[in-house]
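1. quick one, structure for this:
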Amino acid sequence: MLDNVNSNDKRVIQETVLDKETGELISKKEYNGEDHNVENIFSHEIRRKYAIQKNMRKTDERGEFVFLKLDAVNDMSKSLSFKELGYFMLLLPYVSYDENYLKYDKKTFVTTKDLESIWTLSKDGVRQRLKSWRNLNILDIESNPDDSRKNVMVLNPELVTKGMMTKKERKEKQKVKVYQHVLSRLIDNLDETLKERKGNMDYLKILGFLMLLFSGMHYDSYYLVNNPEHELSVNSLLKLRKHKDEELDYLSVSSLGQLTQHPNMNRQTIKRYVGVLVETGALALVDLEQDNAKRLLMNPVLVYRKDNDGRDEYTQSIKKQFNDLVHEHDIYHQIETVCQSLQQTSDFNVSPHSDYISDLEDKLEEHEAKIDELKRLVHIKKQEDRSNQT
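-> Sure, this is the predicted structure:
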């Protein structure tokens, strides 16, 4: 672009400011020492790119997203536990176009009082976390621009941002798009799933663990690998739907501790976390031909790295594959649940008394209902297997 500048011009300096209403970067021209708010050689290209990206946001079925800057996030994670990173993930659905303020919508700010509900913490717990995070430069607290009596939060744009990026930010490779509405649903699913299990796993720790997996997601294929920036040809990419690619250095489940900067993390804990993330639809385990290990696939509806709306052939095929894998896992999970329930009731442990026969009939009906449910699930699975073969 600069090659087109007239040699008689003394100087042309590009200066950009963010339009809060549109998220557009507005360009000014400083010419012969005077500022002119006029269209110049830079502004047309900036607006053209912005219009393309704005249109893609409208057509992208996944909705609005934030850019998560992975290098900065990985640096931040050195000071935070998995659980604290989980608290950070809980804030991403609220990041707004408006200078990274946390908002419910265009007009409604998230307040410190609201964080008690979002984080499920006491007033003192919220206050202590905010104080710690301000010291770590994760966020800042400012006066509400609409009501100076109230405080509002703004996340550090070096960690996460929403809307148009600067030229320098666009060149940064280590960033991912995280789709806000999809993340909100995942958060709810994780919380509900672990409550049903009544175990000792904390969904916040699993969220924090997931965020650190983003840096291992391959740019094109969505598999977790050690070389996420490695470029693949179109042919290699399309073959990857079923075949292992020798150029990709796949990560195994047991090696995820290294990726998350916890090399000594207990393998059983990793497997449990991955199991929950598979069950809730964030990850899938894939069997590739000519490979003897299951490979980890990130859900492209949740996290994405390309600068398009995800309608390319490969992404569409991966979405379908991912949905099929999630459905298959759900069928197996239902079968496993019924089998476990049958094991618990198969002894018909009924104490002899006056209502012995009545109680036994109730147990038999319960048992038969579970057997019928198991038959139904097995029938569904066999039909799906036959359909896939044809």
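2. residues near the closest residue to P228 other than its chain neighbours, how many?
-> The shortest distance from P228 to any residue that is not its chain neighbour, by CB to CB, 6 or more residues apart in numbering, is 4.9 Å, and that residue is H218. All C-beta atoms are positioned from the backbone trio N, CA, C, and that covers glycine. A count of nearby residues for H218, using other CB atoms under 10 Å, gives 25.
3. dump the residue contacts of H218.
-> 224-225, 227-228, 230, 248 (CB atoms under 8 Å, 6 or more residues apart in numbering).
4. hmm, 10 Å instead?
-> For H218, the contacting residues are 224-230, 232, 237, 240, 245, 248-251, 297-298, 305, taking CB atoms under 10 Å, 6 or more residues apart in numbering as the criterion.
5. go on, H181?
-> Contacts of H181 by CB under 10 Å, 6+ apart are 62-65, 93.
6. where do the strands sit along the stretch 251-390 of the chain?
-> Taking DSSP state E, counting those that start in this stretch, the strands of the stretch 251-390 of the chain run over residues 283-287, 294-298, 303-304.
7. does anything pack onto the shortest one? Which helices or strands?
-> In this structure, strand 303-304 makes packing contacts with strand 65-69, strand 175-179, helix 203-213, judged by 3 or more CB pairs under 10 Å, 6 or more residues apart in numbering; DSSP states H and E.
8. quick revisit: among the contacts of H181, which pair sits farthest apart?
-> Considering CB to CB, no two members of the contacts of H181 lie farther apart than R62 and P93, which are separated by 13.1 Å.
9. which of the two has more neighbours?
-> For R62 versus P93, neighbours defined as other CB under 10 Å are more numerous around P93 (21 against 18).
10. and that one, how far is that from L210?
-> Counting by CB to CB, to the nearest Å, the gap between P93 and L210 amounts to 14 Å.
11. again with K78
-> Applying CB to CB to K78 and L210 gives a distance of 18 Å.
12. more neighbours: the two, which one.
-> Neighbours around K78 and L210, counted as other CB under 10 Å, are more numerous at L210. The numbers are 27 against 7.
13. quick one, grab the pLDDT at the more buried one.
-> Looking at L210, its pLDDT stands at 95.
14. V182 touches G281, doesn't it?
-> Yes - counting by CB atoms under 10 Å, V182 does reach G281; the two are 9.1 Å apart.
15. mutual contacts of the two, please.
-> Residues touching both V182 and G281 comprise 299, 301-302, with contact defined as CB under 10 Å, 6+ apart.
16. residue contacts, V154?
-> By CB under 10 Å, 6+ apart, the neighbours of V154 are 95-96, 98-102, 109, 139-142.
17. now Q180
-> Residues in contact with Q180 (CB under 10 Å, 6+ apart) are 62-66, 92-95, 162.
18. and the helices in this structure?
-> 43-59, 70-77, 82-91, 112-118, 123-135, 167-171, 180-197, 203-213, 234-239, 256-259, 267-279, 313-345, 356-389 (DSSP state H).
19. can you tell me which of the contacts of H181 is nearest V178?
-> For those, the nearest to V178 is F65 (6.0 Å; CB to CB).
20. contact partners for that closest one?
-> With contact taken as CB under 10 Å, 6+ apart, F65 is in contact with 57, 92, 95, 162, 176-183, 302-304.
21. look up how far T120 lies from the closest residue to it other than its chain neighbours.
-> Nearest-residue entry for F65: K177, 4.2 Å, with adjacent residues in sequence omitted and distances by CB to CB, 6+ apart. In this structure, K177 and T120 are 27 Å apart, going by CB to CB.
22. show me the domain layout of the chain.
-> 2-59, 65-161, 179-308, 332-389 (automatic domain parsing).
23. of these, which shows the lowest average pLDDT?
-> Among the domains of the chain, domain 2-59 carries the lowest mean pLDDT, a mean of 45.
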